[in-house]
Structure formats: C-alpha cells, structure tokens
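**Q** Give me a 3D structure for the following:
(2 chains)
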Amino acid sequence: MAVQDESRGTASGVDQGELKRRNVSGQPNGSYIPQEVEEKMDDKSKKQANSFLQALDDYEFLVAPIIFTALAFFTRMWKIGLSNIVTWDEAHFGKFGSHYLKREFYFDVHPPLGKMLVGLSGYLAGYNGSFEFKSGETYPETLNYTYMRLFNSAFGALCIPLAYFTAKELHFKKPTVWLVTMMVLFENSYTTISRFILLDSMLLFFTFTTVFCWSKFHNQRHDQFGPEWVLWLVMTGISVGCVCSVKWVGMFGTALVGLYTIEDLWNKFGDLKMPKVTLAAHFGFRVVGLIVIPMIVYMLSFWVHFAILENSGPGDAQMSSLFQANLKGTEVGKDSPLEVAMGSRATLKNMGYGGGLLHSHIQTYPDGSAQQQITCYHHKDANNDWFFYPNRHQGDFDIEAPVNYIGNGDVIRLIHAQTGRNLHSHQVAAPVTKADWEVSCYGNVSIGDTKDHWTVEVVNDAASWDYSKVRTLTTAFRLKHTDLGCYLRAGNVNLPQWGFKQIETTCVKENRPRDTFTHWNVESHTNERLPAGDPGSYKSPFLRDFVHLNVAMMTSNNALVPDPDKQDDLASKPWQWPLLNVGLRMCGWDDHIVKYFLLGNPAVYWGSTFSLALFIGMVVWYAVRWQRGYDELTWKQIDFLHYSGVYPVIGWFLHYLPFVAMARVTYVHHYYPALYFAILCCGFCVDWYTRELRKLTRMGVFMVLYAVVIGMFWLFRAICFGIVGSHKQMKHLKWLDTWRMTD
Amino acid sequence: MSSPQAARARGKEGSKKRATTPNPDGSAAMTNGNADIDLDALKEKSKDVVTRQWDYKLAFAVITGLAFLTRFWGISHPDQVVFDEVHFGKFASYYLQRTYFFDVHPPFGKLLFAFAGWLVGYDGSFLFENIGDSYITNKVPYVAYRSMPALMGSLTVSTTFWIMWESGYSLPACIVSAALVLFDNAHVGQTRLILLDATLVLFMALSVLSYIRFYKLRHEPFGRKWWKWLLITGVSMSCVISTKYVGAFTFFSIGVPVVIDLWDLLDVKRRQPLSMPGFGMHLGARVLGLIVVPFLMYLFWFQVHFAILSRSGPGDDFMTPEFQETLSDNLMTQQAVNIDYFDSISMRHKETKVFLHSHADRYPLRYEDGRISSQGQQVTGYPHNDTNNLWQVMPSKALEGAGHRVKNGDLVRFRHLVTDTWLLSHDVASPSMPTNQEFSTVAKGDANGKRYNDTLFELRIENGKAGQDFKTKASHFKLVHFPTKVAMWTHPTIPPLPEWGYKQAEINGNKNILQTSNLWYAEDIQGIPADSPRLVKEERKIKSMPFLKKYVELQRAMFFHNNALTSSHPYASHPVQWPFLLRGVSFWTENDTRQQIYFLGNPVGWWFASSILAVFAGILLADQVSVRRGVDALDSRTRSRLYNSTGFFFLIWAAHYLPFYIMGRQLFLHHYLPAHLASALVAGALVEFIFNVEPNELADFTEQQIQDGRKGTSKTQSTRRRPIRERIAGQSLLVTWAASGVILAVLVWSFLYFAPLTYGNPGLDVAQVNARKWLNYDLHFAK
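**A** Got it, this is the predicted structure:
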C-alpha cells in the first residue's frame, strides 16, 4: 500500500498535494517548517519558570548527544579486555589484520576497507603480526588485543551520536529522538558485536553514516546546489563507498539511496518549469556524487590493499600468474625456465577471473566414470604439478634426447606428478555441468589411449608474437582434446562436498576462443635441462587485478552455500532474526571461559518488529481512509510519513529480504544493519502516535518505554560484558528454548 | 468507459478498468463525464455488431479445427516411451495399481492421466522404466493417454482466441494471438505427449479468460453469471496450482487486477460509491471464490490421492512410519515385531543400508596421517548379511527372565554375539574424521567394570512417544552414546576403511545428533522359534491418520524435495535463454530411421512474440516519460487499453517468467510455455495497436490541445472518446490484415519446417538436420 501511495505521489506528484490541501482549511500552504524551529517557537511561547531546566532544555542539542556518546563509549568499552582468548570471528579478521602488518597477500570474500582498519588498529597497538589468531587461543603478552578491540568498539560507539542526529534530521520530536538513540545505545547485540575485532562495528558505523548523510542531504533540498547540499551529497557518496568497501551487504544501503535518488529525479523530470540545464545538472551531480565517488572509494580501498600487500602470502593462488610474479618473495616466475619443453614440470593456471590451478587428487568421481577427479584449486600444493609429455605416437619420453620445445599445435599428454595418471576426457557427462564432457585422470605413462591427447592452441602471448613456443606466465593457450575436439575449461561452478567444493573442470564442446575460462598459462615451471630466466617482468594492470579479485570473491561467496548433510549450530534462518528466536555462542561454553552470547535486547527486537507490522497496517489504514474520502493527513504529515517512515521501512526490506532469497549460510549478525532501520521505523511509529497526546501522558509513555529498553539491557548485561563462571547462572534468562545461553 | 450496458451487450468492451496509475486525472474526468448521453445510440449499434460476429465465429471454428488437427496428427508415433513420459506414465500406472508413490508435483494433473487410463480399462502393469521402451510389446493404451493432453492442448488454442475476442480485439489480432500458439512447435510437442504442461497451460489460459468474463460483469455484481464466472476463475486457478506449483504465478497475475479492482471499488468518488458493508461483500465474495474454494479443491485432490493410493509402494520411504502404517500390504505392518531384552538383532543404517558389524580385527595403532587409535576392536558397516552383524540387546539395569520389552528412551547396551564383546564409544578420534568419535567394543570384564559407562547408549526412536515399544523395521532410531552425547553414524561421503578394515564402511560418533543421517532400524531378530507367540500377529487393522496430518506431512516432503532438485541436466537451460529460444531439449531419438523429437518452439513465432514484448515495454516507457514531460501522444481510451488490457497480458507474462530467475532448481524450456502464451496475447494486441495508429489525429492538435491533453479537458476527451471498434470501423483494416497475413504465412512455414523435429517423423538426412540447426541447436544425426 505504501507503493500505491507513492505511485500516486510520483505520477501526479504535485497535483495530489494541492488536491489535498484544498480540502483542509487553515493549513499553511505546504511550505516546509523544520521540526526544531517549530518546537523552539513552542518553547518560547511557554516561558517556563524553572530557569535551570529551561537552560538544560535549550542546550539539549549539545548536552544529550554528549551524555549518550559518553554512555556509548562506556557500554562498548567497559571490561573490554576481560576475555583474553580469540573470540569467534576474531580468528578471521584478526588474522587478516596480521596479514596487513606482515604485508602478505591473502584472500578473503570481503572487500578490504574494514580489514585494513583492523590492520591499522594492530599497527597502532604495536603488534607485529606474528600471532596466528587461532580460535579459542589465549592472546600472547606481546599483543595488545585490548587496544585493538578498543579501536573497533570506537566505531560501534560512534553509531550512537549518529543515531541521535539522524533521528533529529528525520524530524522526530525530542523524546522520540532519545528513544531511538537509546534503542541503539542499549541494544545488547550491537554492544556485544562492537566489542571484538570484527568488521560488524565498522559496517554498522558506515551504514549509520550513510543514513545520516542521506537525511542531511534530503533536508538541504531547498538550497539546491548550495555548498551544504553539495557537501552532503558528496558525504553520502563517500559513506556509500565505505560501507560497500567493508562488506558487500553495504550494497543494500546503496540501493536505498539509489531508490530515493530515482524518485527525486523522476519528480524533477516532471517539473516542466525547471530549465533543462538545471535538470541535467541535477542528473550530473547525482551521477558524480552517488556513482563515481563511491566507485572511486571502493577502488581506492583495493588500490591501497594491493599497495600494502606487496609480499607473497596465502592468497596468491586466487590471483593471476602475472600478479603473483610481481609479489615479493614469490616462487612464481622466479628462476623458471622461460620456455616450456617436453619433460617440464609445471602448474597450469586458469586465466578466467577467479581461476585456479589445474588439480587432481586420488579421490574419484562418485558417479560418471568413477575415475580420479580433476578440479581447479586455489591452494598451492604438490597435487597441482603436471609433466608435459610427448603423445603416445611419439614413443616414450627420452631424458637424453635434445630438448623438444612445445608450441602452437603440438599434441601432448599431461601427466599428474603425484599419481602418474594422464589428463583424460571421454564421452561421459561432467558431474555438475552435464552438457560438458567429464575430465578425469586415468592410466599411467604406459597405460592409456589417445583420449589422453591434448592439442596446444596458443591464444596470445603478452611477451612475444612467436607462437611456436609456450612461455611461462605470458603465453595464454587452450587445450583442445584431440579426439573429441572439446576444450578444457574450468568455470566458476563448485563441486559438491565430495569434490571438496573445488572448481569443476570439464571439457566444453563449443569452440569459443574468447572464453577466458578455457585459457590457461604455465605458472610455476621447473626443468633442470633448461636455463633459468625471469619471465615475470611484465606487470599486470591494476584494473585487471581489481576485477579479477572481485570475481574471485564472488565465486567464493557463492560457494558458501549450506550443506544439507551438515548442520551448523551457529547458523540461523532469516525468519528467526526479527523474532529474536535465536542467539549465538561466540566462544566455548566451558566454565573457565568468559562467555559472550550474541543476543539482542528483546524490547528493541520485538518492539521494532512489531512497529514494522504496525507501520504497514497504518499505511494501509490511511490509504483506505483516503480512498474513502477522508482527507485526514496534511501535506506536511504525508511528507513526514514518506521520508521518515516509508524510507526506513524500505531500508529494512532491502537489508532483510535478500537474505531470505539468498541460498548461502546466514547468521544472526546479518540482521544488524536491518535492525537499525526497524528501530527508525519504531521511532517513527511512537512519534506518530504520541504527537497528539497530552504532555503528561506523553511523558508517561516515554518514561515507560525508556525504562523497558534500559531495564532489558540491564537484565541481559552479562551476555555483553562477559559471563564469568558457570553458564548455569543464566538459567533465569533463558526465556526461549532456542536461546542457548545455557544448556 | 462510455456505456457499461452497451459494452456488455457487445461482449467485447476492451477498456477493463479505469487507468489507475498512469493517468488518474484523465480517467477521473472521464468517469464523471457525460458518458450516458449516447448510450441508446450505442446500444443500437452494438446489436449490429452482435449479428455481425459471424466472422469471429468462423475464425474460431477454423482455428479450433486446425488445433485438433495439429495436436492429434500422428499421435501414435512414436510408439515408445518419450522423455518425461517415464515419470508421468509411471505415476498413472501407480494410480491404477493403487501403490503409494511420491512426487514433487501436486496430484491433479497426474490423476487426469490415471483417469484416462482407467477409462480405457488399463491395469497399469507397465511401469515406463526407460525412454525408448516399446508401448506395443508392453500393450499400453498410450494413444488414450496422449489424447488427454492433446485434447487440452487443442482447447488451449481456442481459449487463446477466445481471450482476445472477449477482450475486444479486432479479428486479425485474435487470429495472430491464436496462431502464435496454434502453430507453435513447443506447444504442439509438449501437449501430444504424456506430460503435465498441457493441463497447466490450458487451465492457466482458462483462468485468464474467466477472470476477463467476470470483470466484464462488474456492473451487475452478485448476479448468477457474476458468481458463475468468479467461481470458474477460482476453480481454474485451483486446477493450475493442483498440477504444478507454478500455479502460484497465476494466482499472482489474477490477484493484482483483483486488488486494483477492489481499490477502485473503495473509491468514494465512484459514480455509485459503495458503503463499507457493500465493499465487505465484494471483498468476501472474492476471498471465497478466489482463495477459499480453490484451496478446498486443492485439498480435495490430495484426499483423492490418498484414497486411491491405499497400498504400500515406492513412495513409502519418503514418509514417516506412522504414515506408512496407514498403507496396506506394507512390509512394516506385516513384519514389525516387538524387541525384547536379550534378543539378538541386526541393525541397519537407514540411508546407506549397511549393517552394524564387528569382527575380531582391531584398529591399527597409527593411521596414515599419524593420528593414533585406541586399537580397540573394529566396528564397521557391512552391506551383507553375516553372523557378525548380530548384537544382543542388554539392559542397563538388572532384569530377571525374558519377555521385557525394549522401550523408547531406554538406556541399553549391546553385546556382540560372535566375539562376546560390548559396544562402546569413547573420546578417541575415528579413523578418518578427527571430529568424530571412534566406535569399538571391549571384552566383558572391562564392559562391566571400569568401561561400564562407555557402553551405555540411549535409544531414541524418531518421532516416538516416551515409552513406546521398540520394533523391528517400524522404528527408526538414533543410538546416542549416553556419556558423550554422540550419535552412532555413518555416511556415504566418508571414504571406506583401508585394507585393514576390509574396505567396509566406517562407523563413528557424530556430535550433531539432530541429523537425519543418524537414523538406524532393526532389521531382524535372530533365533525366535517359528512358533513363538511373538510372531503370531493378530490381523492388524490398517491404521488411519487424520487427512490434514497426512496432507501436511506430504506437503512438507514435497517442498523439501522440490528444493533439492538442483542437479544439472544435459538439456537444462537458464531462463534468459527461453525468450530467444537459444536451445531446446532432445526428447527421443531413433537411430534406424534417423527420426528424433527435439522439443523446440517455433523460432519465428517466439522471436516475434519476444520482440513485441520489448516493443511493448518500450512504448510504456516512452509514454511514461513523455507524459511526464507534458507531451501526450495517446488518447485516453487507447492508453487505457494499452495499460489495462495489454498491460494485464504483459503482467501475466512477467509473473510466469521472471520468478524462474530466483529459482534454484533444474529448469527446462517447457517452463516457459505459460509465459509464451501470455506473450502471444501481447503480440496480438500490439499488432492491432501498431497498425491502427491514426497519425492524422496527432497532426490536428493545436499547441493548446497538447497542453490540455495532460489535464484531460472535456473537449479533447469527447472528440477522442469513440470506442476503438468504431474508430477502426471507419478506416480500413487492410493494413492490419496484410500484416497479419504476412506474420501467419511465415509462422506456418517455420512450423512446417520444424515439424519433423516436433512429430518425430519423417527422419531427416544430414543436410536437412544441419539446415535446421539455426542457433546451433544441438540436434542429433547432424553427422
């Protein structure tokens, strides 16, 4: 129904407002009066006797945020170093931080900004990056983990003033502004998640800044192209860029700003009085501010990422061979012979975005030919090594014969170094992509047939126009199965658990020369009979590395699907989140461990979820009433409903629904950005229904609400600040069976 | 919206409702305008129109005739099982034999096939095992089976024509739409085989038709005819969703206009505003007709399904033991025997069917990866019957004598009979999984001594009540190690044990006791004398179970397995390929005669329909943008038709197509058929729109009129408010006819050109096959 209302708004935008206004007598003609001004006028007229309270009230805009922020820093940082073990995902993000300090290249599914900040905190804490961050391990003396956690929690704490000012920008009344701030401040799950070395506090922070900047920008709309208007547009762009650079879920916040912009531009597009140049300028400003700037921020974070991680590390194999060759301390391209010859031992790298190394292991296909599996794998081990061998018509490989280089059009065999089997394909459907032929490893040096033959087809060579030799790193070639005419290909399809989620490698029947997933290059190469060279002197361009890494991230992300055979105790289903049906144990549950339980404040969760339903019901109610001829809302109220109510609700749906549709494993903390929008919606509903109340009643209502929120937080404080001793003491808080804070 | 009565009488008033979003001011002005003035004149005119409808009737008859011809031509060829006839033919046989089976689709479509088989008196003895099995040698009345979908496929064409007719489109438009379905190789191919899609598409088209009929009766609500068409709409939709769950998309497509209609009924500014109770009646009637009745019908088919399938069959394993006990001839009801303490039983893992086994060999001290075992006696999973599979159930408390039943929740111990050792588990890693506990056995001394606790297991019967009897076959149970809370487990993905374990399956303790792969059942009790009273079972009655409980259980299983259909198929395709008809599906081949059935649409028809969809979207976009900029190129009647009638068809297309993008399961080209029908409707409508533009009308506008156009002043409205047929009647339909003729000719040619692939006859030589590989279609016999 909200949509209905909006579409009317968009279709006949201005007219409708006028229509409504006509019927309401004595209404100011729709011009916008900021809430604060109105309130101040109210205040002035009253002239309270108590001058101290009056003074306090006048300086509320200064005093309240300071108090709230102080409380925020206290709740986020109190006893932050109590647990001296690596807790929950600190194992991941602490480790990634270490990689920045050691400047070793690593790979992860998340963009780098958040992890670089973790690295920065480690740097400031004087940590040298040597700790491995194994889950549950005690932090060593040398590592000032408290400092690192403090750095992270600062982001979490700064969300509170942002919530305060955002609520103000959304024109909530003062008591509501406080309520919204308190719901964020006294939120147990926000508190808990901000206290560890995780990305979530940063994600929340940048989500909050995005909403804040957006609301600021929206309120500047009467001074188009003014300096403040431009400033907040740019700030919104930067926030959007940052939130996307922490985790990809930031895209949902981007979508919210995008929807707002589309609506805004569509309204301007219908304004026939607006000069076309102004219209174009509006469009241009949006493109620069909300598309170009975020892209720059996002790419900049990757640029810094590449700049810092200059040494070879565990993530090398995710990147192209040329990229690896330019890392310090890498084996790739160092002292490798330049040209590949018969008898060379080499690894073959798929050149598609996110491609891995051609791999085989002794495990066999569960169906199809049941021969040994061939996959593509990003981890470097000896199972990636292959020998280039002459084909079966050429007789046995003779170590004494003159060096026989391999070039375009040569028919060769590839022998897996560890198992001695030949790379083989046959007319059996591939295990997942059934339209392709299966590729397996079969036979040995002497046993086998011509289905072990592959024709080398050179596609291009970054270093030379001479295709008569295959060169390490620089030559891109395809492997055509000589008998079947199909091409060796590794796309981005992951095998099921029996293939260890490695990438399916098949033989594809269509001949598509530009399909880079059929392109391969030689990565590491050893051949004692050939002189060492330095093939890695070509640099890969940044943009290519950037795209390559992003595709690789997406591929790994898609592989994070739940395994029906495996039940993850920590994972939860999206429907459970708004109902606070489930919590999460962040560490071991032994008595000697300080235990943290990730669970929200029930008042905030249930209240905000209820308010979402209430809001939708309310919009339907007003829409139906409007259709029945009741003009009860003023233009100003509709505007308030639209921007302070509908947009947060859209924000909630944007941050929540994708997880319902997504097939990947989901955890409770995925709900936290959405929760903020639910809280704003809750604020809106409370604000809406308390405006007309008498002052005393209103005070009473808010006192109760404040008390409930704070009381619940106090009741559940132990799960945030650490449960010391037996978990049995939490028994009285186990309101639902699914809250596993105690067995 | 000039004259409702006249419109009804003419039977083809096109503008279905007031334009809601696009142009509220214009239509609002219209509704309140001086619409009734020329009512009588129009009434007169409409009578003429009725008598002049012989042309439509003739076209309808010809098209229906052609539909039957194309669908039934050569229906007996091939006389072999083709593609998914493997499934749906088999299901029909199961119905005829009344054996319980499981499928992810609801029962209605399959019941129709069974009905067809029953009509001709077939006994269902052939089970359609493989593609290519002969119907002749197996004596299957396959022509009767295939006639059912062919009949429905033919009626689909007539329904398409009728929809366009009802919606008030000109004859050429109706013919184009119907021809796109009539001469479509995909519709023909899919509906002359034993497949569900014919049912699905027919009832989806009927839902659209009956809703349009219903909507046109809106000026005499709650009349007999109004109720009739409302209920027919509901029943048709119910048939769609009772055939396949894509019916949900039909509900959505009909639901959107219903909601818009209700919204308009709410409007107090209508000519005759409704009171709230009056509106409540409208709302209630729609809820009843479009939700309650369809749902009850949907349940009814399940009741029929359960009533027919009274015997145990291949679907048993998908259901719970309680459900299976409601089926007769069931292994379980016959063989379930209560287990007593001190009985020797063999236990089988439910998923892998291995027996719990042990033998005198021990685990090696050190595994290949360097981890150390307990060196205890091996406990393995062994697929064959063996005395080493026998375990004696021992109580944890002292019991005297025989005849004590083992109950759910009991703490039990197991003694391995052959080696006289006791089953245990302990905190030692299993051979291949460091995370799971090792299972082993110990000698009697230890078992009753210091290791006593480790030999205790809790018997948890799945879905069992506390204290329920433990039975062979019927009780699926988890064996949870009492001290450490791990469940006895094995799984197909664990590699078999190496040589030292004789390649038998590894048994270990799984910490995640919730998994269903932890389930075991007792296969047999060894050594009960044949005359033991325990084996004599009173003729037990088949248990009954409330219908709703059965239904809920089956429904859950269906959803679960539907989501699990994710594996890839050689001819599976992605939704993005469908509108462009990038690839088809090979249904059947015959090497000797070089005949093949390759499921493929009529490429010309599909590309034409798909490009029209793009044109339509472009027109809407251009109209929105231009209206927004104050330029109004369409008169309100044309716009109303464009949005409300053609837009409705477009919505049906989108609702039956776009959701497939987020669906994770295996998809095939035939999933596009309902959407294709909708695209054919859009195509017909647009042909009329495109070839009937009146450019002179635009040219006559003054600046002032264009300005007014947006506001919809009465002057411009009245000059342009003539109904479309009237305006068309004035001008010659020659252009439209010519265009339709060209389209038809190309369609028919393309249909005939691909017909050998659709009908599987005649066989094609290499050159002919290659000539038909238009988009590199993967046809057989190309070499």
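**Q** Quick one: the strands in chain A, in order.
**A** A:345-350, A:357-364, A:372-377, A:385-390, A:411-416, A:422-429, A:437-442, A:454-461, A:475-481, A:487-494, A:503-508, A:520-526, A:584-585, A:597-598 (DSSP state E).
**Q** Can you give the domain ranges for the chain?
**A** This is for chain A. Residue ranges for the domains of chain A, per the TED database: A:69-305+A:577-733, A:331-528.
**Q** Let me rephrase: I mean chain B.
**A** Here the domain assignment for chain B is B:4-38+B:47-303+B:579-771, B:338-527, based on automatic domain parsing.
**Q** distance of B:I308 from B:F91?
**A** Distance of B:I308 to B:F91, computed by C-beta to C-beta, to the nearest Å: 11 Å. For every residue, glycine as well, the C-beta is placed using N, CA and C.
**Q** Equivalent analysis for A:I66, please.
**A** 72 Å.
**Q** Which one's more surrounded, the two?
**A** For A:I66 versus B:F91, the count of surrounding residues by other C-beta atoms under 10 Å in any protein chain shown is larger for B:F91: 25 against 11.
**Q** Relative to B:Y122, how far out is that one?
**A** For B:F91 relative to B:Y122 (C-beta to C-beta), the value is 13 Å.
**Q** Now do the same contact list for the residue of chain A found nearest chain B.
**A** Using C-beta to the nearest C-beta, the closest approach of chain A to chain B is made by A:G629 at 3.7 Å. By C-beta atoms under 8 Å, 6 or more residues apart in numbering or on different chains, A:G629 lies in contact with B:268-269.
**Q** one more time with 10 Å, if that's ok
**A** With contacts defined as C-beta atoms under 10 Å, 6 or more residues apart in numbering or on different chains, A:G629 is in contact with A:23, B:266-269, B:273.
**Q** so the residue in chain B positioned nearest to chain A is in which element?
**A** Closest contact between chain B and chain A, by C-beta to the nearest C-beta, is at B:V268 (3.7 Å). Using DSSP states H and E, no element contains B:V268; it sits outside every helix and strand.
**Q** Check what pLDDT the closest residue to it other than its chain neighbours gets.
**A** Of all residues beyond its chain neighbours, the one nearest B:V268 is A:G629 (3.7 Å), with distances taken as C-beta to C-beta, 6 or more residues apart in numbering or on different chains. We have a pLDDT of 87 for A:G629.
**Q** Show the backbone phi and psi for A:G629.
**A** Main-chain torsions, A:G629, degrees, to the nearest 10: phi 90, psi 10.
**Q** can I get the strands of chain A in TSV with distance to chain B and mean neighbour count?
**A** As requested, the strands of chain A are exported to TSV (distance: least, C-beta to the nearest C-beta, whole Å; neighbours: other C-beta atoms under 10 Å in any protein chain shown):
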stretch	distance to chain B	mean neighbour count
strand A:345-350	20	24
strand A:357-364	8	21
strand A:372-377	13	24
strand A:385-390	21	22
strand A:411-416	19	22
strand A:422-429	6	21
strand A:437-442	11	24
strand A:454-461	20	19
strand A:475-481	17	23
strand A:487-494	9	24
strand A:503-508	10	26
strand A:520-526	24	25
strand A:584-585	14	18
strand A:597-598	20	24
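**Q** Turn these into CSV, columns for distance to B:P172 and mean pLDDT.
**A** Formatted as CSV, the strands of chain A follow (distance: least, C-beta to C-beta, whole Å; pLDDT from 0 to 100):
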stretch, distance to B:P172, mean pLDDT
strand A:345-350, 55, 90
strand A:357-364, 60, 88
strand A:372-377, 56, 90
strand A:385-390, 65, 89
strand A:411-416, 61, 90
strand A:422-429, 47, 88
strand A:437-442, 49, 89
strand A:454-461, 53, 89
strand A:475-481, 52, 91
strand A:487-494, 47, 86
strand A:503-508, 46, 90
strand A:520-526, 57, 87
strand A:584-585, 64, 88
strand A:597-598, 66, 91
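**Q** sorry, back to before: to A:S194, which of the domains of chain B lies closest?
**A** Minimum separation from A:S194 across the domains of chain B (C-beta to C-beta) falls at domain B:338-527, 30.8 Å.
**Q** The closest one vs chain A: in contact?
**A** Yes. Counting by C-beta under 10 Å from any C-beta of the partner chain, contacts between domain B:338-527 and chain A involve B:351, B:491-493, B:495, B:511-517.
**Q** Show me how far that domain is from its chain's centre.
**A** Distance, stretch centre to chain centre, for domain B:338-527: 42 Å (C-alpha atoms, centre = their mean, to the nearest Å).
**Q** Now do the end-to-end distance for that domain.
**A** Taking C-alpha to C-alpha, to the nearest Å, domain B:338-527 runs 14 Å from one end to the other.
**Q** mean confidence for that domain?
**A** Here domain B:338-527 scores 86 as its mean pLDDT.
**Q** Tell me the pLDDT of B:S567.
**A** Per-residue pLDDT puts B:S567 at 63.
**Q** same deal with B:E539?
**A** Turning to B:E539, the model gives it a pLDDT of 56.
**Q** what's the answer for B:D592, then?
**A** 85.
**Q** what about it, which helix or strand?
**A** B:D592 is part of no helix or strand, with elements assigned from DSSP H and E.
**Q** Could you report the neighbour count for it?
**A** For B:D592, the count of nearby residues is 6 (other C-beta under 10 Å).
**Q** go on, A:F610?
**A** Neighbourhood size, A:F610 [other C-beta under 10 Å]: 14.
**Q** hang on, the earlier thing: so which pair among the residues of domain B:338-527 next to chain A is furthest apart in space?
**A** Across the residues of domain B:338-527 next to chain A, no pair lies farther apart than B:P495 and B:L514, at 24.0 Å, counting by C-beta to C-beta.
**Q** can you count the residues close to the closest residue to A:E339 other than its chain neighbours?
**A** Among residues not flanking A:E339 along the chain, A:K469 sits closest, at 4.6 Å (C-beta to C-beta, 6+ apart). When neighbours are defined as other C-beta under 10 Å, A:K469 has 18 of them.
**Q** try the one 5 residues further on
**A** Per other C-beta under 10 Å, the neighbour tally for A:T474 reads 22.
**Q** which ones are touching it?
**A** Contacts for A:T474 (C-beta under 10 Å, 6+ apart) come out as A:321-322, A:325, A:333, A:338, A:460-464, A:521-522, A:535-538.
**Q** In helices only, show me those residues.
**A** Among the contacts of A:T474, the members found in helices (DSSP state H) are A:321-322, A:325.
**Q** Kindly state the beta-bridge partners for the nearest residue to B:F439 once chain neighbours are set aside.
**A** In space, B:F439 comes closest to B:V379 once its chain neighbours are excluded; the distance is 4.1 Å by C-beta to C-beta, 6+ apart. Beta-bridge pairing of B:V379 under DSSP bridges involves B:S358.
**Q** Contacts only, for B:V379.
**A** B:V379 touches B:356-359, B:363, B:414, B:416, B:421, B:423-425, B:430, B:438-441, B:488, B:501, B:504, B:506-508, counting by C-beta under 10 Å, 6+ apart.
**Q** And the contacts of stretch B:297-304?
**A** Residues outside stretch B:297-304 that contact it (C-beta under 10 Å, 6+ apart): B:95, B:106-111, B:114, B:234-235, B:237-239, B:241-243, B:247, B:547-548, B:550-551, B:554-555.
**Q** Those residues in strands, which ones?
**A** Judged by DSSP E, these include no members of strands.
**Q** out of those residues, which are buried?
**A** Among the contacts of stretch B:297-304, those classed as buried by 16 or more other C-beta atoms under 10 Å in any protein chain shown are B:95, B:106-111, B:114, B:234-235, B:237-239, B:241-243, B:247, B:550-551, B:554.
**Q** so how many other residues sit close to the closest residue to A:G711 other than its chain neighbours?
**A** Distances taken as C-beta to C-beta, 6+ apart put A:A603 closest to A:G711, at 7.8 Å, once the chain neighbours are dropped. Using other C-beta under 10 Å, the number of residues around A:A603 comes to 22.
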